[in-house]
Each structure stands twice: as C-alpha cells, then as structure tokens.
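J.: sequence first, predicted model second:
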Amino acid sequence: MRAIWALLLALALPCAPLSAQQVLGCDGHVARAENLMEPWDENSRSFSGGRTRLAVLDTIEPALGAFYVMILSPPFDPLGARQCRVVGLSQAMGFARIRFDALASAYDPLSGLSFDLPVEIYDAAQDAPVPKRLRLSVNQASGEITAQIEAAQ
C-alpha cells in the first residue's frame with residue numbers, strides 16, 4: 001500500500017519542489033473540526049493572551065501528507081472573529097509529520113510572532129519522509145502570515 005501512495009504522490013507532484021508551502025484560507029476540506037488532531041491540549045497552543053492559536057490538523061489521507069498547521073489570528077472581522085489560515089504544501093498535500101511538541105515561538109514588536117516547527121516532508125526520490133523546519137511568522141497588526149520550509153538543523 002505504501003508503494004502505491006508513493007507512486008501516486010510522485011505522479012501528482014512531478015514538478016513541485018520539496019520546499020514549497022502554501023498559506024491557504026480555511027474554506028476547503030482541510031480546516032474542519034473533525035480534522036483537529038487529538039489530544040487537543042497536546043496539539044494546540046495559544047499565544048498573545050489567546051489572540052493567536054496554532055493547531056495541528058490531521059486529514060488522515062494522503063497518509064504521507066495528512067498534517068497541516070491551522071492558524072487563528074488577528075485581525076478580527078467586524079463580528080470579532082479571527083482570520084483562519086492553514087499551512088501545508090498545497091490544498092491537497094500537507095506534511096508527513098509535525099512535531100508540535102517541539103514548537104518554539106518568539107515575539108518581536110516590529111515583525112510579530114514567529115514560530116519554528118520541525119516537520120517531515122515526503123521525498124519520492126528517497127521513498128521516505130525527510131526532516132525539515134517550518135518557519136512561520138504572524139503579523140497580528142496586518143494579518144500577514146508567511147511560511148517557509150528550511151533544512152533541518
């Protein structure tokens with residue numbers, strides 16, 4: 001079964017670089033309540049007095065790319081709801097693994113919140129997940145969220 005998924009993944013992403021990532025809206029199939037990874041207290045954390053929250057989503061399939069990071073953060077809309085974003089390789093492909101227990105965070109008044117999170121991305125050439133680092137920044141004033149994949153240290 002693993003070989004079938006590897007083949008499907010290789011065919012689906014022939015031109016996609018391993019370091020690609022996307023910050024997506026929460027209007028797709030990924031950001032649904034049943035995808036919140038349990039136990040919730042181990043896979044979700046809040047920052048800035050509860051104004052920003054990161055949570056792990058598990059879509060179950062594809063098995064080698066089922067994990068995403070959901071970000072709820074300011075700015076708030078007129079009704080008081082936060083913006084919602086999902087970070088993965090694409091709408092159809094997340095990470096092979098997210099080590100949320102190793103999440104590191106920092107705050108800089110000029111740039112906002114920053115996060116460093118170990119992840120794994122499936123590499124078809126090696127037929128295995130490879131360790132990487134997901135770097136996120138959240139500017140709570142502007143609402144800008146950036147994501148970058150880097151080599152694991």
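T.: Yes, it's here. Numbering: from 1, shown residues only.
J.: so who does residue 51 touch?
T.: 73, 74, 82, 140 (C-beta atoms under 8 Å, 6 or more residues apart in numbering). Heads up, the C-betas are built off the backbone N, CA and C, glycines and all.
J.: mind listing which of those are in strands?
T.: 73, 74, 82 (DSSP state E).
J.: from residue 125, how far out is the residue nearest to residue 82 when sequence neighbours are not counted?
T.: Distances taken as C-beta to C-beta, 6 or more residues apart in numbering put residue 72 closest to residue 82, at 4.6 Å, once the chain neighbours are dropped. As judged by C-beta to C-beta, to the nearest Å, residue 72 and residue 125 stand 35 Å apart.
J.: residue 120 is in what secondary structure piece?
T.: According to DSSP states H and E, residue 120 maps onto strand 112-123.
J.: give the pairing partners of that strand; include direction for each.
T.: strand 97-98 (antiparallel), strand 104-108 (antiparallel), strand 128-138 (antiparallel) (DSSP bridges).
J.: list the buried residues for that strand?
T.: Using 16 or more other C-beta atoms under 10 Å as the test for burial, strand 112-123 gives 112, 113, 115, 117, 118, 119, 120, 121, 122, 123.
J.: can you lay out those residues as a markdown table showing pLDDT and distance to residue 58?
T.: Shown next, in a markdown table, are the buried residues of strand 112-123 (pLDDT from 0 to 100; distance: C-beta to C-beta, whole Å):
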| residue | pLDDT | distance to residue 58 |
| --- | --- | --- |
| 112 | 91 | 27 |
| 113 | 97 | 23 |
| 115 | 98 | 19 |
| 117 | 97 | 15 |
| 118 | 98 | 16 |
| 119 | 98 | 13 |
| 120 | 97 | 14 |
| 121 | 96 | 16 |
| 122 | 94 | 15 |
| 123 | 93 | 21 |
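J.: could I get those residues as CSV with distance to residue 32?
T.: Converted to CSV, the buried residues of strand 112-123 look like this (distance: C-beta to C-beta, whole Å):
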residue, distance to residue 32
112, 27
113, 25
115, 22
117, 21
118, 25
119, 21
120, 23
121, 23
122, 22
123, 28
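J.: which one among those gets closest to residue 129?
T.: Comparing those against residue 129 with C-beta to C-beta places residue 120 closest, at 3.8 Å.
J.: for residue 51, see how far away the closest one is.
T.: 29 Å.
J.: how about residue 95?
T.: 25 Å.
J.: and the gap between residue 67 and residue 50?
T.: 24 Å.
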